[in-house]
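Participant: Below are the sequence and a predicted model; questions follow.
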Amino acid sequence: MYFVGMDLAWGEKNPTGLAVLDAGGALLHLSAQTSDAQIVEALSPYAGPGVLVAIDAPLVVVNATGNRPGEAALNRDFARFDAGAHPANTGKKEFSSMPRGARLATTLGLDIDPASRAERRAIEVYPHPATIALFRLGRTLKYKNKQGRPLEQLRSELLLLVDLLQGLETARPALHLSTHPDWTRLVARITSAARKSQLRPAEDEVDAVVCAYVAMFASARADRTTTYGDLATGYIVTPTLPDGHRPSPRQLAAAEAAGEESEADPVRVAVQQYAVLQPELRDVTAQFVTLITTLLDDAGINYLNVTGRAKSVSSFAGKAARAVGGAPVYADPLVQITDQIGIRVITYLQSDVVAVADLLSDQLSVLDDRDMGQETASEGRFGYASRHLLVAHDPTRSDPTAYAVLRERSAQVQIRTVLQHAWAEFEHDIRYKGSVPEQDAPDLDRRFTLAAGLLELADREFSAIRDRLQATMTDQRPQPDESDPRITPMDLATFLAGQFADAGWSRTDHYAWISGLLLELGITSLDELAALLGAIDSSAIDGRMGYRYPAGAVRRLDDALLAVFGQRYLGLHGNAHREVLLRTRMEKLRAAGEQT
């Protein structure tokens, strides 16, 4: 299935933007054409069975004057957002005979009935109301060249639309633009435009992408799509205006018309500022992921993975525009929307969730801490379970220079088990598909509740399995492989479970890593390791380190080796990447020892 967007010019002298998406929302084609023949030729590879063409131009015009009925209906919803449709009637030269859009649809063999399910069809669309509905904008973006709008405003508004479209990568349906070279070149042209005339063809191609996405949206989300008008009198198809969505207040209209920043639309101003900020946030997000991964690894806590994302511009715009009872939820979106940077830590067991939260509380400033599972349980329900921490740099700590940029940022960290994550992702995916009939919703809710309860039970059983295994490992001593000088990771895991019975499991790869360090130290058997650890006071080391979180088994061994071997351990090849961390720990061990 192909979804084609066509920002159709009135005549054959001005450029027509064309965009083609595949069934998965990936951009396949982007160009500007002029004549009908060029348009047909450009679309010929995609015009076979299984195509929906969204055309930004009237397809059906039968009224002699005024607006078409569909335009009047659309205007009642969208004119207050500056997204009303211009009147199309046969009194205008371009519509006095068959409109150009209808002529092209006929040439391409497309059915223009909006209710049709033919394999080759076309619909009329309009980008302005589509962007209002899709991105919850308070008013249309002012990227169209009109008198009084300076180049900087046009470019800024067009780049904001570019960011909003790129943010649809995580939407349903998803749109994937950034990897296509034509899109990359288009964005570069917009960014470097020195004259308004250079923005015009770029504007047509961006509008074509909007049209193509509307075609895909109408196909995938019929429940959230509205057709204003009908085939007999003309129509426009657009994503449905969200319930309760209101326009931004119109104040200082003269300043807005002149392109000056005004307080008339605080949401738009916030979104524009966020669009400028978002590339920087992506870099900061990557650093937060690195920092939190380093903290988890250093603590020896078991986890599956750590991922991060900077909130997309479109997602920020939707959240910034939220209102309750007509009043905005966020008076200052840039400050009050705290999940601009989102980190997710997936663990295996609920006890690991607690360990991660305790670790972050010890190493970072926690500005907010919500246990969503506990909140759900307190209401006597089963459902979404996740620990949400809002963290920031702790001003009392001295962090590596590489993390200096984090000192002015906060991040929302979601911590959940792999089973909790599976439930949350599946529930989110299903509910956002919007494909469940209303009469089936109660049964759907019941089944999700049942699944949440079963997964909570499964989490408890996995924890019980872990506890049973750890208890049985206390007296186990694996038989070494005489042909292998290393202590195998599996044997080491079994040994440490008995040696540090109160410690949690560490990541599987961490056992392999510290096994290599033991080999560097010349420790090649569990007997040697047992003798070494038996000669030291582990409780004294624990006291000197002052763990305020459940340190994993590998971390406990790591600290014991550091206490015994000191500088020699720090200089091992396998420790080169964490020398700073080890020096800090070694100073802590020495300082505590001197005090006693």
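Facilitator: On my side now, so go ahead. From a predicted model like this one, the values you see are computed outputs, not experimental measurements.
Participant: In CSV, please show the C-alpha coordinates belonging to the strand or helix carrying residue 414.
Facilitator: Using DSSP states H and E, residue 414 maps to strand 410-417. Extracted in CSV, the C-alpha atoms of strand 410-417 (Å, rounded to 0.1, in the frame of the first residue of the first chain):
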residue,chain,number,x,y,z
SER,A,410,16.4,16.8,35.2
ALA,A,411,15.2,13.5,33.8
GLN,A,412,12.3,11.2,34.5
VAL,A,413,13.5,7.7,35.1
GLN,A,414,10.9,4.9,34.8
ILE,A,415,12.0,1.6,36.6
ARG,A,416,10.0,-1.6,36.0
THR,A,417,10.5,-5.3,35.7
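Participant: Could you tell me the phi and psi values at residue 386?
Facilitator: Backbone torsions of residue 386, given as degrees, to the nearest 10, read phi -170, psi 150.
Participant: do residue 122 as well
Facilitator: phi -140, psi 150.
Participant: What is the neighbour count of it?
Facilitator: Residue 122 is flanked by 28 other residues according to other C-beta atoms under 10 Å. From N, CA and C alone the C-beta is placed, and that goes for glycine too.
Participant: Let me see the contact set for it.
Facilitator: Counting by C-beta atoms under 8 Å, 6 or more residues apart in numbering, residue 122 touches 52, 53, 54, 55, 59, 101, 105, 108, 110, 111, 112.
Participant: what about the stretch 251-400 of the chain, any weak spots by pLDDT?
Facilitator: 251-265, 325-326, 396-400 (pLDDT under 70).
Participant: before we move on, back to that, of all the contacts of residue 122, which comes closest to residue 286?
Facilitator: residue 54 (36.1 Å; C-beta to C-beta).
Participant: for the closest one, which residues make a bridge with it?
Facilitator: Under DSSP bridges, the beta-bridge partners of residue 54 are residue 5, residue 123.
Participant: Tell me the spacing between it and residue 105.
Facilitator: Taking C-beta to C-beta, to the nearest Å as the measure, residue 54 falls 11 Å from residue 105.
Participant: Residue 241 too?
Facilitator: Distance from residue 241 to residue 105, by C-beta to C-beta: 26 Å.
Participant: which of those two has more neighbours?
Facilitator: A direct count of neighbours by other C-beta under 10 Å for residue 241 and residue 105 places residue 105 higher, at 23 against 18.
Participant: who touches that one in this structure?
Facilitator: 53, 55, 59, 112, 122.
Participant: ok, now with 10 Å
Facilitator: Residue 105 makes contact with 6, 53, 55, 59, 98-99, 111-112, 120-124 under the criterion C-beta atoms under 10 Å, 6 or more residues apart in numbering.
Participant: Likewise for residue 472?
Facilitator: 494, 497, 498.
Participant: want to try JSON lines for these, with distance to residue 542 as columns?
Facilitator: Output for the contacts of residue 472, formatted as JSON lines (distance: C-beta to C-beta, whole Å):
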{"residue": "494", "distance to residue 542": "21"}
{"residue": "497", "distance to residue 542": "17"}
{"residue": "498", "distance to residue 542": "17"}
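Participant: Residue 354 contacts residue 549, correct?
Facilitator: Yes: using C-beta atoms under 10 Å, residue 354 is in contact with residue 549, at 8.9 Å.
Participant: Give me the average confidence score over stretch 223-233.
Facilitator: The average pLDDT for stretch 223-233 rounds to 96.
Participant: That one: how far from the chain's middle?
Facilitator: 32 Å (C-alpha atoms, centre = their mean, to the nearest Å).
Participant: Repeat that for stretch 544-554.
Facilitator: Using C-alpha atoms, centre = their mean, the offset of stretch 544-554 from its chain centre is 33 Å.
Participant: average model confidence for that stretch?
Facilitator: For stretch 544-554, the per-residue pLDDT averages 86.
Participant: For it, measure first residue to last.
Facilitator: End-to-end distance for stretch 544-554: 17 Å, by C-alpha to C-alpha, to the nearest Å.
Participant: For stretch 150-163, list every residue counted as buried.
Facilitator: For stretch 150-163, the neighbour count (16 or more other C-beta atoms under 10 Å) marks 151, 153, 154, 155, 156, 157, 158, 159, 160, 161, 162, 163 as buried.
Participant: Identify, from those residues, the entry nearest to residue 507.
Facilitator: Nearest to residue 507 among the buried residues of stretch 150-163, with distances taken as C-beta to C-beta, is residue 163, at 36.7 Å.
Participant: distance of the closest one from residue 288?
Facilitator: Relative to residue 288, and taking C-beta to C-beta, residue 163 is found at 21 Å.
Participant: How about residue 567?
Facilitator: 32 Å.
Participant: Which of those two has more residues huddled nearby?
Facilitator: Remark: of residue 567 and residue 288, residue 288 carries more neighbours, 26 against 10, as counted by other C-beta under 10 Å.
Participant: The more buried one belongs to a strand?
Facilitator: No: using DSSP: H, G, I helix; E, B strand; the rest coil, the assignment for residue 288 is helix, not a strand.
Participant: gap between it and residue 277?
Facilitator: For residue 288 relative to residue 277 (C-beta to C-beta), the value is 15 Å.
Participant: now do residue 528
Facilitator: Remark: distance between residue 528 and residue 277 (C-beta to C-beta) = 55 Å.
Participant: Kindly report the same for residue 371.
Facilitator: Distance from residue 371 to residue 277, by C-beta to C-beta: 30 Å.
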